[in-house]
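Student: Below are the sequence and a predicted model for it; my questions follow.
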Amino acid sequence: MLTTLNGPVIAAGQSLSSGIDCSSVDRIIRLLMPREWNGADLSFELSLDGENYSALYHVSPGNFFGFPILVPRPPAGACITLPPGMSLALNWLKIRSGTSALPVAQDVDCAFQLVGETTAGSKMQRSIADLDARLKALEAAAA
């Protein structure tokens, strides 16, 4: 099942977006670019708790060389398909205009849309099943 998440937003004059909670989906499969985008590179920050963010890096398996995940100059209004492994079990996400070393302020507010996928046996379904099992265990212990 596909779910649209509205946001995050990079405010006018800023380069880093607000955070968006992505925990309701298994993975983000597409990123819809704002029509107002000024043509800067895109980079990302992730968080487990929505408070403490870290830059998203990829490590090459052969030589363990790490490099930041970067989408070079995506066009305004574009739809970007994300690699399957990049956004699995993603909790919170921020989008940066430019890189952490070279941020690029946006001229106007830029609102992104994320398309997430939830599959059978998703995080939410597993959480509900786990809560049900815990409740049954508590009920059995109380009886």
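Tutor: Yes, it's here.

Student: Any figure for the gap between Ala142 and Ala133?
Tutor: Ala142 sits 15 Å away from Ala133, taking Cβ to Cβ, to the nearest Å as the criterion. C-beta here means a position set from N, CA and C on the backbone, and glycine is covered the same way.

Student: So between those two, which is more surrounded?
Tutor: Ranked by neighbour count (other Cβ atoms under 10 Å), Ala142 and Ala133 place Ala133 first, with 10 against 6.

Student: Name the residues linked to the residue most central in space within the chain by a beta bridge.
Tutor: Taking Cα atoms, centre = their mean, the centroid of the chain lies closest to Leu93, which sits 3.9 Å from it. Beta-bridge partners of Leu93, counted by DSSP bridges, are Ile20, Leu46.

Student: so it makes contact with Gly19?
Tutor: Yes - Leu93 is within contact range of Gly19, at 6.8 Å (criterion: Cβ atoms under 8 Å).

Student: Need the overlap of contacts for the two.
Tutor: 8, 47 (Cβ atoms under 8 Å, 6 or more residues apart in numbering).

Student: Now do the strands in the chain.
Tutor: 2-10, 20-21, 27-32, 42-47, 53-55, 57-59, 66-68, 70-71, 79-81, 92-97, 110-117 (DSSP state E).
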